[in-house]
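In: Sequence plus the predicted model coming up.
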Amino acid sequence: MATVLPPAAYIKRVALNLLFPRWCIGCGKEGDYLCAACRRSLKTITPPVCPRCGRPQSNESTSGGCPGCTGWQTGIDGIRAPFLFDGVIRDAVHEFKYRNLRALGTELVALMYDYLNVNPVSGDVLVPVPLHRKKLLERGYNQSSLLAHGLGNLTGLPVIEDCLIRRKYTPPQARSSNINERRNNVTDAFDCRDSRLQGKQVILIDDVSTSGTTLNTCAGVLKAAGAAAVWGLVIALEL
């Protein structure tokens with residue numbers, strides 16, 4: 001479903017586009033950060049998918065999880081994403097996350113919202129995966145928080161981001177060489193400050209799921225604090 005802006009917001013966007021024209025991340029065409037042609041080129045994830053990690057499967061016989069999830073003790077109820085982390089969407093996430101192109105978040109949020117309209121995920125509240133305060137100072141913003149608030153505006157779901165906290169500074173998961181190193185990175189990295197999420201169905205928001213360990217660890221912490229269910233929603237999954 002396309003996102004319709006109110007008149008005032010539309011006028012503001014037009015004015016900003018005239019002053020600061022947008023160029024497509026994929027092809028360089030002026031207009032949007034993701035032009036219509038490049039959006040059509042995005043590698044979408046369609047059913048059947050693994051019910052745990054959300055990665056595409058060849059058939060629906062893996063109801064208990066794909067081979068990569070077998071034996072994995074999961075705290076998260078499932079991870080879902082509209083795209084594979086490749087090509088234009090990879091470039092877009094890097095621009096949004098590492099190069100301060102925060103305005104791109106509006107288009108990424110719209111893609112996540114369109115996905116939810118077709119593939120609903122049950123939730124009472126949105127919770128962004130938190131950054132450690134040191135990383136927040138380095139980057140200047142939490143990309144997951146921007147996504148969560150944008151999605152909250154479109155869905156009407158409240159965003160709570162000061163309950164789940166990151167207490168341990170860890171290197172980026174993408175730099176870890178294997179799954180065990182990634183799991184060790186996030187062991188005891190998160191904490192829940194209070195019981196506001198007790199009994200809630202939580203949708204965890206992040207940009208990319210590399211191995212699922214960050215989302216899974218956060219889910220375990222939230223469930224230990226009383227959350228009824230925890231699902232992960234990201235822009236893209238890395239195979």
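Out: Arrived safely, thanks for sending.

In: what sits against residue 41?
Out: Counting by CB atoms under 8 Å, 6 or more residues apart in numbering, residue 41 touches 26, 87-88. The way it works is simple: take the backbone N, C-alpha and C, and place the C-beta from them, glycine included.

In: which one among these gets closest to residue 239?
Out: Set against residue 239, the nearest of the contacts of residue 41 by CB to CB is residue 87 (12.6 Å).

In: separation between the closest one and residue 78?
Out: Applying CB to CB, to the nearest Å, the value for residue 87 to residue 78 is 25 Å.

In: one step back: give me the buried subset of the contacts of residue 41.
Out: Neighbour-count burial (16 or more other CB atoms under 10 Å) applied to those gives 26, 88.

In: Which of the contacts of residue 41 fall in helices?
Out: Members of these lying in helices (criterion: DSSP state H): 87-88.

In: Dump the contacts of residue 41 to JSON lines, plus distance to residue 96 and pLDDT.
Out: JSON lines is the format used below for the contacts of residue 41 (distance: CB to CB, whole Å; pLDDT from 0 to 100):
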{"residue": "26", "distance to residue 96": "14", "pLDDT": "94"}
{"residue": "87", "distance to residue 96": "15", "pLDDT": "96"}
{"residue": "88", "distance to residue 96": "12", "pLDDT": "97"}
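
In: What lies in contact with stretch 157-176?
Out: Stretch 157-176 has contacts (CB under 8 Å, 6+ apart) with 123-132, 134-135, 142, 145, 148-149, 151-152, 182, 185-186, 188-194, 196-197, 203, 208, 210-211, 213-214, 218, 221-222, 238.

In: Also stretch 105-117?
Out: Residues from elsewhere that reach stretch 105-117, judged by CB under 8 Å, 6+ apart: 1-3, 32-34, 39, 80-83, 92-93, 96, 143, 146-147, 150-151, 154-155, 233, 235.

In: Going along the chain, name the helices of this protein.
Out: Ranges of helices in the chain, per DSSP H, are 7-19, 36-41, 87-98, 104-118, 133-139, 143-155, 179-186, 213-224.
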